[in-house]
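Visitor: sequence? don't have it. structure:
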């Protein structure tokens, strides 16, 4: 999902993963000069995602979080859409998304979307699978938006495995991690370590953070 050199905090995070695998050998390298072995499969369930003091100013009024899994042949698909978070000037300092105990393994990406831009720009794009757009239609309908008009708006959305992570319509910021390297029950990242957000310090507070809880 990425091209070129090491440019994003997630890519740096994965370099640290490789360094950790190498350090498992006392000499600092895998015996025999071989490349580090892939980490064993393990699973966690995602509980919730919290945004603390994330924006410098006001946040978009409607936010939604997506949990993506990496596909074997490249690209990703959405495993889970959160409920819609309605934000006001008073409430955007702490935003919470319930992630439904979604079971994940291996490489995982979590993205935060401006829902209005997602729905508006998704028309005519090739980013999401039919099951994913059905979930979006259900979510929008639950907030009083006509489901039939929403389905028409999203009718052209399909899977696009070649898109870059974070380039989906309306994506504000995103981050990737591997389940094997998670510790304790939380992953805490300052906004300076979140893809896309790290490049916009006038929009996103570098001292704000995202907190992912899992079990």
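Guide: In hand now; what should we look at? The model shown is predicted, which means the values in this text are computed figures rather than measured ones.
Visitor: quick one, helices of this structure?
Guide: All helices of the chain, identified by DSSP state H, fall at 9-23, 115-122, 130-142, 147-153.
Visitor: buried ones in the first one?
Guide: Just to be clear, that refers to helix 9-23. 9, 10, 13, 14, 17, 21 (16 or more other Cβ atoms under 10 Å). Heads up, the C-betas are built off the backbone N, CA and C, glycines and all.
Visitor: could you give the mean pLDDT of it?
Guide: The pLDDT scores in helix 9-23 average 91.
Visitor: In the chain, where's the longest strand?
Guide: strand 94-105 (DSSP state E).
Visitor: List the pairing partners of that strand within its sheet, with orientation.
Guide: Paired with strand 94-105 in the same sheet, following DSSP bridges, are strand 43-52 (antiparallel).
Visitor: now what about the longest strand of the chain, what contacts it?
Guide: Contacts with strand 94-105, where a contact means Cβ atoms under 8 Å, 6 or more residues apart in numbering, come from 41-54, 59, 63-65, 67, 69, 79-80, 82-83, 85, 87, 179, 215.
Visitor: let's see 6 Å
Guide: The contact list for strand 94-105, computed with Cβ atoms under 6 Å, 6 or more residues apart in numbering, reads 41, 43, 45-46, 48-52, 65, 67, 79-80, 82, 85, 179.
Visitor: In space, what's closest to residue 40 - neighbours in sequence excluded?
Guide: Leaving aside its chain neighbours, residue 40 sits nearest to residue 180 (6.8 Å; criterion: Cβ to Cβ, 6 or more residues apart in numbering).
Visitor: and the one you found, how far is that from residue 98?
Guide: 24 Å (Cβ to Cβ, to the nearest Å).
Visitor: Restricted to buried residues, select the contacts of strand 94-105 in ChimeraX.
Guide: Typed into ChimeraX, the next command selects the buried ones out of these (criterion: 16+ other Cβ under 10 Å):
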select :46,48,49,50,51,52,65,67,79,80,82,85,179
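Visitor: And the contacts of strand 94-105, which is closest to residue 93?
Guide: residue 52 (7.3 Å; Cβ to Cβ).
Visitor: Quickly list what the closest residue to that closest one other than its chain neighbours is bridged to.
Guide: Using Cβ to Cβ, 6+ apart and skipping the chain neighbours, the partner closest in space to residue 52 is residue 209 (5.2 Å). Residue 209 has the following beta-bridge partners by DSSP bridges: residue 52, residue 190.
Visitor: Please read off the pLDDT at residue 209 from the model.
Guide: For residue 209, pLDDT reads 96.
Visitor: got it, and residue 67?
Guide: pLDDT, read off for residue 67, is 94.
Visitor: and it, what is it in contact with?
Guide: When contacts are counted by Cβ under 6 Å, 6+ apart, residue 67 touches 79, 80, 102, 110.
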